[in-house]
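# need a 3D model of the sequence below.
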Amino acid sequence: LVSTLTSKLQPLQNLVVIAKESARKFKHSEQSPREIGQALGAGTIVTGEIQTGGGNIQVNIQLINANTEALGWGSTFTKSQDEFLDMQNEIATKLASELKGGLDAAEAQQLAQKATDNAEAQAEYEAGRREWNRRNKEGFDNAIQHFERAIELDPDYADPYVGLSNTFGLLSIYNFASPGDSMPKSRELAENAMSINPNMGSAYTALAWVQFMYDYEWENAGNNFKKGVELNPNNATGFHWYAIYLLQTGQIDRVHPTIKKAKELDPQSMIIKNDFAHLCWHTGIEAYESEVMQSVEEALEIDPHFEPALRLKYCFSDKENPSEGIELLQQAREIYPDQPSLLTSSIELHWKAGEKQRALEIFVELLDKHKDTINRSLIAQIYFQMGKTDDGFRWLEKSAEIKEPSLILFANWRQYRFLNEEPRFRKIFKK
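Sure thing, here's the model as predicted:
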């Protein structure tokens, strides 16, 4: 029910809706409404209770002012179990009307539409989203299975097509697939979703991601990123990925407010906390430095072994003890044995700590275990760190040949900006 209500309310204009992934973390919380509201940055809390019996479902909905803890509008809805999806539409419409002080005809019509009539397909989609948010190999593999099952149950259900598109759009970046295999699939799935629902903001975001990271159609990507957040102003991933685009296209002054919006919409998201830190750090703007490390620590509170956060904290920053980072990365490798990026971060950190022989040993292990999926640009990064510039450019060329999405990130990564003056670097990007 939470997932459906959130998804239906998110596209509405002039209504800020916190992502269901963040809200779900307080499902069994004993915190007060005021404390939950502060954690989520929400002024109103929606609570619900579901009771079943005699073939019927009863849902009690209550609004609570998160600042005063005063009770607001509340209502009870009852239907047969077979009518549960219809009930969700009814609840969403009434709830939206109470929160917005009324609905216009277009909003009422939008809320009346059901994404699917199949409750099992909906459950599979939501399970897929939870797995997708884990951002590791097991999570991605599980997400694909759930999304494909949802499509099998209802081929006209647009959301799982977007979920699959998002998953394939990240596989090569996380070193789990080659871009030539995964990115065209991501594009096709986004287009499938758009053909089912032409007004689906998340589908435009999914297509924009491929246009940006693989097709190099940056103008089209920018237009679709913008349209995605216009159609769904509460889609945290839409603002998240748009912020990455803004950094790489040199629109530095727009990065912080855009990724901050994503963080406000999904305040408990590990990946958004992490990328808030990464993007702000890569802008090079000193005013953001304190926010950077705070956000990294917030991400590591959720998963102390999340590689991108460990990399920023220990590899990029000079303020932390490398030995502590090396130990955490070793623990992470035991927890996530199929994550190639943990090896690349381990190489960087051992080299930084002066343990060059150990770094070389892990480098050999990386090439032996993951030679088919490891991003060539990551190998280039290792060579650049080792001072082997010619080898670094040789691997960047290999990256460009297969259109690796990770290569795009090189353009404005803070630690590699010295390469911008290199004719060889500019030549690669002109291609």
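
# CA only for contacts and neighbour counts going forward, please
Fine.

# so how far is stretch 180-191 off the chain centroid?
17 Å (Cα atoms, centre = their mean, to the nearest Å).

# can you classify Asn60 by secondary structure?
Three-state call for Asn60 (DSSP: H, G, I helix; E, B strand; the rest coil): strand.

# so where do the strands sit in the stretch 51-200 of the chain?
For the stretch 51-200 of the chain, the strands defined by DSSP state E, counting those that start in this stretch cover 56-65, 71-80.

# which of the ones you listed sits most buried?
Highest mean neighbour count of the strands of the stretch 51-200 of the chain: strand 56-65, a mean of 18 (counted as mean count of other Cα atoms under 10 Å).

# what's the closest of the strands of the stretch 51-200 of the chain to Lys398?
Of all those, strand 56-65 sits nearest to Lys398, with 55.8 Å by Cα to Cα.

# from the contact counts, what lies against the closest one?
Strand 56-65 sits against strand 44-53, strand 71-80, with contacts defined as 3 or more Cα pairs under 8 Å, 6 or more residues apart in numbering; DSSP states H and E.

# strand 71-80 and the first one, what's the angle between them?
Same thing as strand 44-53. Relative orientation of strand 44-53 versus strand 71-80 (axes from the mean of the first three to the mean of the last three Cα atoms, to 10 degrees): 30 degrees.

# number the chain from 35, please
Sounds good: first residue 35 from here, last item strand 78-87.

# run the chain-centre distance for strand 78-87.
Between the centre of strand 78-87 and the centre of its chain there are 28 Å (Cα atoms, centre = their mean).

# repeat that for stretch 395-408.
Chain-centre distance of stretch 395-408: 26 Å, with Cα atoms, centre = their mean.

# next: stretch 144-156.
23 Å.

# what are the buried residues along it?
Neighbour counts over stretch 144-156 (16 or more other Cα atoms under 10 Å) mark Leu145, Ala146, Ala149, Thr150, Ala155, Gln156 as buried.

# quick revisit: in CSV, list the strands of the stretch 85-234 of the chain along with distance to Val263.
Listed next are the strands of the stretch 85-234 of the chain as CSV, based on distance: least, Cα to Cα, whole Å:
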stretch, distance to Val263
strand 90-99, 27
strand 105-114, 29
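
# of those strands, which is nearest Glu361?
Of all those, it is strand 90-99 that lies closest to Glu361, at 44.9 Å by Cα to Cα.

# residues in contact with that closest one?
Applying Cα atoms under 8 Å, 6 or more residues apart in numbering, the contact partners of strand 90-99 are 67, 77-86, 104-115, 118.

# what about this protein, any weak spots by pLDDT?
Across the chain, residues meeting the criterion (pLDDT under 70) sit at 35.

# which residue sits farthest out from the middle of it?
Taking Cα atoms, centre = their mean, the residue of the chain most remote from its mean C-alpha position is Gly88, at 40.9 Å.

# give me the phi and psi for that one.
Note on Gly88: backbone dihedrals following degrees, to the nearest 10 are phi 60, psi 30.

# about what we covered before: out of the buried residues of stretch 144-156, who's nearest Leu43?
Of all the buried residues of stretch 144-156, Leu43 sits closest to Leu145, with 7.8 Å by Cα to Cα.

# circling back to that earlier point, now tabulate the buried residues of stretch 144-156 in a markdown table and tack on distance to Glu331.
Converted to a markdown table, the buried residues of stretch 144-156 look like this (distance: Cα to Cα, whole Å):
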| residue | distance to Glu331 |
| --- | --- |
| Leu145 | 38 |
| Ala146 | 42 |
| Ala149 | 37 |
| Thr150 | 39 |
| Ala155 | 36 |
| Gln156 | 34 |
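
# and of the helices and strands packed on strand 90-99, who's closest to Leu383?
Closest to Leu383 of these, according to Cα to Cα: strand 78-87, at 43.6 Å.

# on contacts alone, who are the packing partners of the closest one?
Contacts defined by 3+ Cα pairs under 8 Å, 6+ apart place strand 78-87 against helix 67-74, strand 90-99.

# what's next to it, contact-wise?
67, 71, 91-101.

# from the residues you listed, which is closest to Ile305?
Nearest to Ile305 among those is Gly71, at 21.1 Å by Cα to Cα.

# spit out the contact partners of that closest one.
Contacts for Gly71 (Cα under 8 Å, 6+ apart) come out as Gly77, Thr78, Ile79, Ala100, Asn101.

# need the max-distance pair from the residues you listed.
In terms of Cα to Cα, the contacts of Gly71 reach their longest pairwise distance at Ile79 and Asn101, which sit 9.7 Å apart.

# more neighbours, these two?
Between Ile79 and Asn101, counting by other Cα atoms under 10 Å, Ile79 is the more crowded of the two (20 against 16).

# what's opposite the more buried one in the beta bridge?
Ile79 has these beta-bridge partners by DSSP bridges: Ile98.

# what's the answer for the one 4 residues further on, then?
As for beta bridges, Glu83 partners with Asn94 under DSSP bridges.
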